[in-house]
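*Asks:* this is the structure alone, sequence omitted:
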């Protein structure tokens, strides 16, 4: 804002002006910025408006807010992106496509060691399924469900309602770990996703927890071309196929 | 919380209790929940504590907050994950590894059509570079910089300071678009990343903007094994190589 320019209006304008000062090094990394009351006075707006702007900047990783020490410019600001991970059915339907679900297999078994390390010892429920969009394979779901944490799952057949949706409704999680990666399609991936073995697949691994008890670990292998799009310093968007 | 159980303490406990009521369908999708004052009274805590809990649930996509209509349970709660995208140098150094940067090429040219559609007509600065961790290739950066938005870039050689860092310091962005995908390594990717052509690579495409003017579009192709890890309903984590 040049000297003499009108003060910024609205929280978005205040957000941008604070960002400008940070980038111009008027407020360098580590600098404690003026408090909300002083900024509200300077900008001629409500304190709540300043608060909204600073909160957004904190969520973006630009500012660090501390109850007593005040708000300071982050020493190492990061780009922070928010990714929405909707239920698979909804992700497909929101693209205006027809959703189909097919259970491939369901059974109780001893999970592989890597899964056991998370879900704990003992047998678990293994469910594999294919989700399609307009008849084309969209994502192959390979899931293990803890029968200790979710004993009710043992009675579910998952033929019409996917484990993805059943679990969200019946076994709510408090938090989860998620990893995005690229994997070469296995023979099975390739067969199910109409692809070829070795093709690059976008893969999501996700484990959800009810406090300290693991509910489920799932590998979601998406058909080639899938990408997750989102924004930095803005609103979130969902995944989709390019 | 069973009847007669002590009220939750702290915002995290209130967060969990609200989540429990939502999952138990005491408060079904679309339900307008009690206001903060009433909840603070019920839980015997400060209104700010309730606010903190509800804000977290809104950020997680569980609640929808509207200034006048109150706070309601989201009709379609989504999993929401936050991904930090640090400067490449820091990402490597935070893994305790040695960072090396090598400029591959730098020149002014007419970008391909897809890039031109974003950066606008005219020549742009094309910079390619390799970032390494402990001597092993980590990510291949292929970047176009708008000379209209960032004319100063024309004078930069990018031999010691990467365009990644130079731009963050000198051409701050207001927002960006980001896409995560899996791509098969091209011959050039493979050569630079010590991989083989066709290998599955985790690729980030990112375009950043200063208001409505595009600054730069970059393709970051990571060496095989890279994954981004983060949390749902919790704190963010950075990318890394598994």
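*Replies:* Now that the structure is in, tell me what you want to look at. Remember, predicted model here, so these are calculated numbers, not experimental data. Numbers count the residues shown, from 1 in each chain, chains lettered A, B, ... in the order given.

*Asks:* please make it C-alpha for all contacts and neighbour counts, starting now.
*Replies:* OK.

*Asks:* can you count the residues close to residue A:144?
*Replies:* The number of residues packed near residue A:144 is 29, by other CA atoms under 10 Å in any protein chain shown.

*Asks:* actually, residue A:41.
*Replies:* By other CA under 10 Å, the residues close to residue A:41 number 12.

*Asks:* what's the helix or strand encompassing it packed up against?
*Replies:* Using DSSP states H and E, residue A:41 sits in helix A:36-43. If contacts are counted by 3 or more CA pairs under 8 Å, 6 or more residues apart in numbering or on different chains; DSSP states H and E, helix A:36-43 sits against helix A:47-59.

*Asks:* at 10 Å instead, please
*Replies:* Secondary structure elements in contact with helix A:36-43, counted by 3 or more CA pairs under 10 Å, 6 or more residues apart in numbering or on different chains; DSSP states H and E, are helix A:10-23, helix A:47-59.

*Asks:* where does the closest residue to residue A:169 other than its chain neighbours land on pLDDT?
*Replies:* Leaving aside its sequence neighbours, residue A:169 sits nearest to residue B:23 (CA to CA, 6 or more residues apart in numbering or on different chains; 6.9 Å). What the model reports as pLDDT for residue B:23 is 74.

*Asks:* residue contacts, residue B:23?
*Replies:* Residue B:23 is in contact with A:168, A:169, A:170, A:171, A:172, A:173, B:17, B:29, counting by CA atoms under 10 Å, 6 or more residues apart in numbering or on different chains.

*Asks:* ok, the fifth one touching residue B:20?
*Replies:* Yes. A contact is recorded between residue A:172 and residue B:20 when judged using CA atoms under 10 Å, the distance being 8.1 Å.

*Asks:* ok so, going back, which of the contacts of residue B:23 are buried, as a ChimeraX select command?
*Replies:* Here is the ChimeraX selection string for the buried members of the contacts of residue B:23, based on 16 or more other CA atoms under 10 Å in any protein chain shown:
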select /A:171,172,173 /B:17,29
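
*Asks:* which stretches in chain A count as helices?
*Replies:* A:10-23, A:36-43, A:47-59, A:88-93, A:113-119, A:163-170, A:187-192 (DSSP state H).

*Asks:* can you pull up the bridge partners for the one residue sitting closest to the centre of chain A?
*Replies:* Nearest to the mean C-alpha position of chain A, counting by CA atoms, centre = their mean, stands residue A:83 at 4.0 Å. On the basis of DSSP bridges, residue A:83 is bridged to residue A:237, residue B:81.

*Asks:* how close does the residue lying closest to residue A:59 once chain neighbours are set aside sit to residue A:205?
*Replies:* Leaving aside its chain neighbours, residue A:59 sits nearest to residue A:80 (7.7 Å; criterion: CA to CA, 6+ apart). Going from residue A:80 to residue A:205 by CA to CA, to the nearest Å gives 20 Å.

*Asks:* neighbour count winner among the two?
*Replies:* residue A:80 (22 against 17).

*Asks:* I'd say residue A:50 and residue A:16 touch.
*Replies:* No. Counting by CA under 10 Å, residue A:50 sits too far from residue A:16 to count as a contact (11.5 Å).

*Asks:* could I get the helices and strands packed on helix A:36-43 in TSV, plus columns for distance to residue B:118?
*Replies:* Formatted as TSV, those follow (distance: least, CA to CA, whole Å):
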stretch	distance to residue B:118
helix A:10-23	22
helix A:47-59	26
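
*Asks:* worst average pLDDT in the ones you listed?
*Replies:* helix A:10-23 (a mean of 85).

*Asks:* what comes up buried for it?
*Replies:* Buried residues in helix A:10-23, counted by 16+ other CA under 10 Å: A:11, A:12, A:14, A:15, A:16, A:17, A:18, A:19, A:20, A:22, A:23.

*Asks:* out of those residues, which is nearest to residue A:40?
*Replies:* Of all the buried residues of helix A:10-23, residue A:14 has the smallest distance to residue A:40: 9.6 Å, by CA to CA.

*Asks:* OK, contacts around the closest one?
*Replies:* Contacts of residue A:14 (CA under 10 Å, 6+ apart): A:7-8, A:20, A:39-40, A:43, A:45, A:49-54.

*Asks:* do the same with residue A:117
*Replies:* By CA under 10 Å, 6+ apart, residue A:117 lies in contact with residue A:111.

*Asks:* roughly how far does it sit from residue A:187?
*Replies:* 26 Å.

*Asks:* so which of the helices of chain A gets nearest residue B:100?
*Replies:* Comparing these by CA to CA, helix A:10-23 comes nearest, at 25.7 Å.

*Asks:* report the distance from the closest one to the chain centre.
*Replies:* 27 Å (CA atoms, centre = their mean, to the nearest Å).

*Asks:* again with stretch A:122-142
*Replies:* How far stretch A:122-142 lies from its chain's middle: 19 Å, per CA atoms, centre = their mean.

*Asks:* endpoints of it, how far apart?
*Replies:* OK, stretch A:122-142 end separation, CA to CA: 18 Å.

*Asks:* report the buried residues of that stretch.
*Replies:* Buried residues in stretch A:122-142, defined by neighbour count with 16+ other CA under 10 Å: A:123-133, A:137-142.

*Asks:* same deal with stretch A:37-49?
*Replies:* Neighbour-count burial for stretch A:37-49 [16+ other CA under 10 Å]: A:39, A:40, A:43, A:45, A:47, A:49.
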